[in-house]
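Visitor: Give me a model of this one.
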Amino acid sequence: MLCNTEKKEKQNKIMGDDECVIVVREFDPSKDLTTVEEVEKRCEVGPSGKLSLFTDLLGDPICRVRHSPAFLMLVAELSSTKEIVGMIRGCIKTVTCGKKLSRNTKNNDPIKPFPVYTKLAYILGLRVSPSHRRMGIGLKLVHRMEEWFVQNGAEYSYLATENDNQASVNLFTGKCGYSKFRTPSVLVNPVFAHRLPVSNRVTVIKLSSPDAESLYRRRFSATEFFPRDIDSVLNNRLNLGTFLAVPRGCFYTQDSWPGSDKFLSDPPESWAVLSVWNSMDVFRLEVRGASRVKKTLAKTTRIVDKLLPFLRLPSIPEVFRPFGLHFLYGLGGEGPRAAKFVNALCAHAHNMAKEGGCSVVATEVANREPLKVGVPHWKRLSCDEDLWCIKRLGEDYSDGSVGDWTKSPPGFSIFVDPREF
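Guide: Got it, this is the predicted structure:
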């Protein structure tokens, strides 16, 4: 939260027909909640005649940042009327930004990568009321949030936006000094009325939180964007579990599980892992703008699927009313059949989502992720290239082991934090 000096309200005079003063201050849930929700609704006006996706934050404007180690929400209001006309959210955490190689000289283990960490800030939920756009309010909110980032030691700031959202891209890359950085894929798959079969060649093991943490730290901590506080993620109430897929018939089963350390010292030829996050309890989505014909067609597919589940016919879920999703994160694995094992884990996750009342399951992976082929998804619901933009917040930081992270080339994998999806 803001310290005493930070709580000083910063003002900008924005000239129009009349002079008005915009005050940027910290969000106060005791008095701002209703007004903030009204601004959110005014900003959610989709293009006429096209499908649009809307988000319901379930009465909690900071729900998508509150699970991070440090977070803040700012609002912009008119000093004369106290009307809130804009808002922004941000959070800070420590993540992997690169890796260095080190050799264990005691037992001559092969060279393995070790993570290089940095303090990273994330911007999301920037909104400006339609009646007050093109007045510099968005820019003011971003700059004020970045001040808080720097005061709390963040070295970099990043955000996710859509490639075709030109207003957002122009603001951040044209006026705020951000550069295009990564283009991950958002993969979305519907949850059908029938259960999906999990391959009988695979055994699925649910790991305890300590075992999951051990496996992730030992195998994936050098992955870009890996959160240093992975233990907080895995122990969060929204985390529904970490699941490991191994070949059926091998000596690893739920009942004979020896722990991650022993597993990694003698793994099977192929294996895969993923975790499931309950985003349904954080926010709901809704698709608007569909014609009556499309809604009727979707409903018909669900009716047929429910009546004849043994046919396993694909059906369009109920997305034209508020719906929830489960987010799959921490996807990884090794071996020639790892992608097939990921596919089996996705089927297991689909069935969990069905039992939980979700309409879709989603994940986000690097565009070049080798295991991407194992993730089932509908192209119409997915985004092949999301856009992440990044900015270095201070030139006085040491380049460290990886240099300026903003100039680093993309790798094959990224770790997407479910707290920020």
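Visitor: low-scoring pLDDT stretches of the protein, where are they?
Guide: Applying pLDDT under 70 to the chain picks out residues 1-19, 45-50, 102-110, 396-402.
Visitor: Counting by contacts, list what the longest strand anywhere in it packs against.
Guide: Counting residues, the longest strand found in the chain (DSSP state E) is strand 84-102. If contacts are counted by 3 or more C-beta pairs under 8 Å, 6 or more residues apart in numbering; DSSP states H and E, strand 84-102 sits against helix 29-43, strand 70-78, strand 112-128, helix 137-151. In this view, the C-beta of every residue, glycine as well, is placed from N, C-alpha and C.
Visitor: Try it again at 10 Å.
Guide: strand 19-26, helix 29-43, strand 70-78, strand 112-128, helix 137-151, strand 156-162 (3 or more C-beta pairs under 10 Å, 6 or more residues apart in numbering; DSSP states H and E).
Visitor: now it against strand 156-162, angle please.
Guide: 120 degrees (axes from the mean of the first three to the mean of the last three C-alpha atoms, to 10 degrees).
Visitor: how far does strand 84-102 sit from the chain's center?
Guide: Its chain's C-alpha centre and that of strand 84-102 lie 12 Å apart, by C-alpha atoms, centre = their mean, to the nearest Å.
Visitor: Pull out the buried positions in it.
Guide: 84-99 (16 or more other C-beta atoms under 10 Å).
Visitor: Just the CA atoms of it, as PDB, please.
Guide: Provided in PDB are the C-alpha atoms of strand 84-102 (Å, rounded to 0.1, in the frame of the first residue of the first chain):
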ATOM      1  CA  ILE A  84     -14.100   8.600 -10.900                       C
ATOM      2  CA  VAL A  85     -13.200   8.600 -14.500                       C
ATOM      3  CA  GLY A  86     -10.300   6.100 -14.700                       C
ATOM      4  CA  MET A  87      -8.500   3.300 -12.800                       C
ATOM      5  CA  ILE A  88      -5.500   1.000 -13.000                       C
ATOM      6  CA  ARG A  89      -4.200  -2.000 -11.100                       C
ATOM      7  CA  GLY A  90      -0.700  -3.200 -10.600                       C
ATOM      8  CA  CYS A  91       1.300  -5.800  -8.700                       C
ATOM      9  CA  ILE A  92       4.900  -6.700  -8.000                       C
ATOM     10  CA  LYS A  93       6.700 -10.100  -7.600                       C
ATOM     11  CA  THR A  94      10.100 -11.700  -8.100                       C
ATOM     12  CA  VAL A  95      10.500 -13.800 -11.200                       C
ATOM     13  CA  THR A  96      13.100 -15.500 -13.300                       C
ATOM     14  CA  CYS A  97      14.500 -13.300 -16.100                       C
ATOM     15  CA  GLY A  98      17.300 -15.500 -17.300                       C
ATOM     16  CA  LYS A  99      19.600 -18.300 -16.300                       C
ATOM     17  CA  LYS A 100      23.300 -19.000 -15.700                       C
ATOM     18  CA  LEU A 101      25.100 -22.300 -15.900                       C
ATOM     19  CA  SER A 102      26.800 -23.800 -12.900                       C
END
